[in-house]
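K.L.:
Only the shape, not the letters, is given here:
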C-alpha cells in the first residue's frame, strides 16, 4: 500500500500532466491477452472511478474471488465493451471517460502533439436539408498543411474527395484518410440562403504537429484602457512557461483589462488552470483555487494521509518560474459550447474572488477530472504491462471552487 500511496500523491499533483520523453517499450508487443486488459479495466475502475458506488458490477462485494470475476469478464468479447458497460449514465453524467489502445499517443496529445492537417472546423446542415452538410473553418494552425494551402477562418466546404458531405459519410470522408481534398464553397444570400461550390479545391495532408495553445496575444488601447487579449486553445502544461511570458508582456505593458478567449478550448491540465488563474490575479496566493472530491474510497485515503492534498491553491511560482501576476479584479472570458473542463474550472474557481464577465454562449458542463491509469501493480506508468499499450482515462474526481460550487452539468 505504501508503494501505491507514493504514486497516488504524484498523480494528485500532476494528473493530466504527462512527461513524454523517450519510450523504451517494444513496438511489436506479443499477441494481446485481452484477459489481462479486462482485469486491468475492472480493478482500475473499482478503485478509482468517481462513480464506482453507482455501478453494481464494480462493488467491492460483487465477486467473491478472482474466478468469479473472470467468469464475468469473459462475457465481454472486447475490452472496450467491458469498459463501456461499467460507466455511469454514459449519455448524461459520464460523457468523458475514455479507454485507448495506445497510451503513447494519449500522452502526446496532452502535450499538444497529434497527427493533423491543422484545420479546426465544425459541420452544420445545409439550408432546407436534414441530411446534407457543409463545413466551416474555425481556425487554422500555423505551419500546417491547411495553412500552407491557404485555408483560413470563415472558409466553407461542401465536398470531400469529390463526394457531398452527409450525416452518413462525413466521418469516413473527413477522418478516415491522411489526405483529403476539399471542395470549397461560397455563401450566397437568398431565400433560402445557399452554399455554391466555387470551383476551388484544397488538398490537405495530416502530419504530426505540436499545437501551441497560445494562439493570439495582443494589446489594444481603447478609450483610455490598455486591453490585453489572449486566445488560448488548450491548457497544455509544457507551454506554461510561454504562457507566463505572455503575462509578463501584459504586465510590462500595464494592461488594465484582460479578454481571455476560450471559445475553442476543450480543457487540459488542472495545474495549468491554477497557474493561469494565478497569473490573472496574484493577490490570493495560498488561498483555495479548487477542491478535489474523489470517490469514497480514495477520499478516505487522502483525508487520513494528507488532507491538504485535496485543495489546489493559488501560487506565486511554478517549476522555478515566478508567476507574472496582473492583480486584476475583473476578467472578460469569451466562451462557447466548446469551452470545457479546465476552461470551466478557471471560470468557476476565479468567480468567488474576482468579477468574471462571461461573453458568448454556455460552456460544455464538464466539472469532473481524470488521470491516466496504466496496467501496472499501482496503475502508474512505471512497470506497465509490456504486452499491450492500453490505458484508461476515467473520471476520478469532481472539482469545486472555494465555495463548494460544482456539478454544473448544463454548463456555465
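P.N.:
Sure, I can see it. Keep in mind that what you see is a predicted model, and the values were worked out from it rather than measured.

K.L.:
All the helices of the stretch 1-150 of the chain, residue numbers only.
P.N.:
Using DSSP state H, counting those that start in this stretch, the helices of the stretch 1-150 of the chain run over residues 2-14, 34-48, 66-73, 79-85, 103-110, 145-148.

K.L.:
where does the protein dip in pLDDT?
P.N.:
Counting by pLDDT under 70, the chain has low-confidence residues at 1-32.

K.L.:
Identify the residue nearest residue 100 in space, chain neighbours excluded?
P.N.:
Nearest-residue entry for residue 100: residue 106, 4.9 Å, with adjacent residues in sequence omitted and distances by CB to CB, 6 or more residues apart in numbering. No exception for glycine: its C-beta is placed from N, CA and C like everyone else's.

K.L.:
Please name the residues that touch the one you found.
P.N.:
The contact partners of residue 106, taken as CB atoms under 8 Å, 6 or more residues apart in numbering, are 18, 100, 372, 391, 393.

K.L.:
Provide the backbone phi and psi angles at the last one.
P.N.:
Listed backbone geometry of residue 393 is phi -130, psi 70, with angles given as degrees, to the nearest 10.

K.L.:
Is it bridged to anything, and to what?
P.N.:
residue 98 (DSSP bridges).

K.L.:
Hmm, it is touching residue 97, no?
P.N.:
Yes: using CB atoms under 8 Å, residue 393 is in contact with residue 97, at 6.7 Å.

K.L.:
Break the chain down into its structural domains.
P.N.:
2-111, 115-210, 214-292+305-369 (automatic domain parsing).

K.L.:
next one: the shortest one to chain centre, how far?
P.N.:
Yep, that's domain 115-210 we're talking about. Centre-to-centre, domain 115-210 and its host chain are 24 Å apart (CA atoms, centre = their mean, to the nearest Å).

K.L.:
ok, the residue nearest to residue 376 when sequence neighbours are not counted - how many residues close by?
P.N.:
Leaving aside its chain neighbours, residue 376 sits nearest to residue 383 (4.2 Å; criterion: CB to CB, 6+ apart). With neighbours defined by other CB atoms under 10 Å, the count for residue 383 comes to 13.

K.L.:
what's the spacing between stretch 275-288 and its chain's center?
P.N.:
Counting by CA atoms, centre = their mean, stretch 275-288 comes out at 22 Å from the chain centroid.

K.L.:
part of a helix, is the residue nearest to residue 376?
P.N.:
No: using DSSP: H, G, I helix; E, B strand; the rest coil, the secondary structure at residue 383 is coil, not a helix.

K.L.:
Distance check, it against residue 288.
P.N.:
34 Å (CB to CB, to the nearest Å).

K.L.:
Would you agree residue 99 is in contact with residue 79?
P.N.:
Yes: here residue 99 reaches residue 79: they are 6.8 Å apart, a contact under CB under 8 Å.

K.L.:
what residues are shared contacts of those two?
P.N.:
With CB under 8 Å, 6+ apart, residue 99 and residue 79 have common neighbours 41, 390.

K.L.:
circling back: could you give the backbone dihedrals for the residue nearest to residue 376?
P.N.:
Torsion angles, degrees, to the nearest 10, at residue 383: phi 80, psi 10.

K.L.:
The one 3 residues further on now?
P.N.:
With angles defined as degrees, to the nearest 10, residue 386 shows backbone torsions of phi -80, psi -10.

K.L.:
Excluding chain neighbours, what is closest to residue 206?
P.N.:
Nearest non-adjacent residue to residue 206, counting by CB to CB, 6+ apart: residue 178, 4.3 Å away.

K.L.:
Test my guess that that neighbour contacts residue 203.
P.N.:
No: here residue 178 does not reach residue 203: they are 11.2 Å apart, not a contact under CB under 8 Å.

K.L.:
Give the buried residues for stretch 194-207.
P.N.:
For stretch 194-207, burial by neighbour count (16 or more other CB atoms under 10 Å) applies to 195, 202, 204, 206.

K.L.:
Out of those residues, the closest to residue 145 would be?
P.N.:
Nearest to residue 145 among these is residue 204, at 4.8 Å by CB to CB.

K.L.:
so what's the closest one up against?
P.N.:
Counting by CB under 8 Å, 6+ apart, residue 204 has contacts 117, 118, 119, 145, 146, 149, 151, 179, 180, 181, 182.

K.L.:
Restricted to buried residues, select the residues you listed in ChimeraX.
P.N.:
To isolate the buried subset of these in ChimeraX, counting by 16+ other CB under 10 Å, use the following:
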select :117,118,119,145,146,149,151,180,181,182
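
K.L.:
So which of the contacts of residue 204 belong to strands?
P.N.:
119, 179, 180, 181, 182 (DSSP state E).

K.L.:
need the residues you listed in JSON lines with distance to residue 89, can you?
P.N.:
Output for these, formatted as JSON lines (distance: CB to CB, whole Å):
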{"residue": "119", "distance to residue 89": "34"}
{"residue": "179", "distance to residue 89": "39"}
{"residue": "180", "distance to residue 89": "35"}
{"residue": "181", "distance to residue 89": "41"}
{"residue": "182", "distance to residue 89": "38"}
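
K.L.:
between the residues you listed, which is closest to residue 279?
P.N.:
For the ones in strands among the contacts of residue 204, the nearest to residue 279 is residue 119 (29.9 Å; CB to CB).

K.L.:
Which residues does that closest one form beta bridges with?
P.N.:
residue 140.

K.L.:
now it: how far from residue 37?
P.N.:
As judged by CB to CB, residue 119 and residue 37 stand 34 Å apart.

K.L.:
and residue 219, backbone torsions?
P.N.:
The phi/psi pair for residue 219 (degrees, to the nearest 10) reads phi -120, psi 150.

K.L.:
quick one: it and residue 254 touch, right?
P.N.:
No: assessed by CB under 8 Å, residue 219 is found out of contact with residue 254, at 9.1 Å.

K.L.:
Give the residues shared as contacts by these two.
P.N.:
residue 226.

K.L.:
Looking at the two, which is more packed in?
P.N.:
Comparing residue 219 with residue 254 by other CB under 10 Å, the one with more neighbours is residue 219, at 15 against 10.
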